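Trainee: Provide a 3D model corresponding to the input given below.
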Amino acid sequence: MNLNSVSGSMPSRKGKKRVGRGTGSGHGKTAGRGHKGQYSSAGAKLPTSLFEGGQMPLYRRSPKRGFSNGMHKQTFNVVNVSDLEYHFEENDTVSPETLRAKGLAKKPADGVRILGTGELTKKLLVTAHHFSASAQEKIKAKGGEALLIAPPKPPVRNKMKPKVAKVAKVVS
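Mentor: Numbers count the residues shown, from 1 in each chain. As a prediction, the model looks like this:
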C-alpha cells in the first residue's frame, strides 16, 4: 500500500463510544456492562494493582518496624587533609567552590566535610561545613584557618498568627 493509493472514504479518526444513549445507539440499555455482577453498577471499583484476589497482600504481610530518618539525613563530600596538601599551594583559599573546581567534591551533597587523614605542610584558609577535630588541629598548627559555614536557619513560624494563650475563666 502506498500513500497515493489511500482513499479518503474512510474517516481518519474513529468517533468516541457514547454509551447509555438508548437502544438505537448500539450501546444502550446496559451500556456495555453486561446484566449483573460486580462491575455492572455505577461506582463499582476495579481492583488495583495491589489486589491479590483475596489473599493477604504483600504490603500487609511484610513486617513494619523501626524508624527511617532519611528525610533528615544529610550527605557530605569527604575531603582529607592529604588531598588539600596535594591540590593546593601555600596561602591558598579552600572553599566548596574551589574543591569542586579541582574535582575533590564532585557529588551533589549538602556540604563538605574535612577529615584529618594525612599530613599538611602548608598554610591554608579552609572554609567548609564540618571539620573533624584532628583536621582542625592540623590546619591551625601550620598557621592556617578553619572557618565553618553556618547551617541554614530554621524556618520562622508565621508571626501574623500569634499563639493564643489559654486563659482559665474565673467563676465568681
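Trainee: surely A109 meets N77?
Mentor: Yes: the pair A109 / N77 is scored as a contact, 4.7 Å apart, by CB atoms under 8 Å. Where C-beta positions appear, they are placed from N, C-alpha and C, glycine not excepted.
Trainee: When the two are compared, which one has more neighbours?
Mentor: Set side by side, A109 and N77 show more neighbours around N77, with 20 against 15, by other CB atoms under 10 Å.
Trainee: so the more buried one touches V112, yeah?
Mentor: Yes: counting by CB under 8 Å, N77 does reach V112; the two are 5.0 Å apart.
Trainee: What's the per-residue pLDDT of V156 here?
Mentor: We have a pLDDT of 80 for V156.
Trainee: Neighbours of K73, how many?
Mentor: Per other CB under 10 Å, the neighbour tally for K73 reads 8.
Trainee: quick one: terminal-to-terminal distance for stretch 39-50?
Mentor: Its first and final residues considered, stretch 39-50 spans 18 Å by CA to CA, to the nearest Å.
Trainee: and that stretch, how far from the chain's centre?
Mentor: 32 Å (CA atoms, centre = their mean, to the nearest Å).
Trainee: Residue for residue, what is the longest helix the chain has?
Mentor: Ranked by number of residues, the top helix in the chain under DSSP state H is helix 133-141.
Trainee: Pull out the buried residues from that helix.
Mentor: Across helix 133-141, burial judged by 16 or more other CB atoms under 10 Å covers A135, Q136, K138, I139.
Trainee: could the residues you listed go into JSON lines alongside distance to K153 and pLDDT?
Mentor: Shown next, in JSON lines, are those (distance: CB to CB, whole Å; pLDDT from 0 to 100):
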{"residue": "A135", "distance to K153": "26", "pLDDT": "94"}
{"residue": "Q136", "distance to K153": "24", "pLDDT": "94"}
{"residue": "K138", "distance to K153": "30", "pLDDT": "94"}
{"residue": "I139", "distance to K153": "27", "pLDDT": "94"}
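Trainee: quick one: which two of these are the most distant?
Mentor: Farthest-apart pair in the buried residues of helix 133-141 is Q136 and K138; separation 7.5 Å (CB to CB).
Trainee: Overlap of the contact sets of the two?
Mentor: Contact with both Q136 and K138 is made by residues G116, according to CB atoms under 8 Å, 6 or more residues apart in numbering.
Trainee: before we move on, back to that, list residues touching both of N77 and V112?
Mentor: Common neighbours of N77 and V112 are listed as P96, L99, A105 (criterion: CB under 8 Å, 6+ apart).
Trainee: Which residue comes closest to the first one once chain neighbours are left out?
Mentor: It stands for P96. Using CB to CB, 6 or more residues apart in numbering and skipping the chain neighbours, the partner closest in space to P96 is V112 (4.9 Å).
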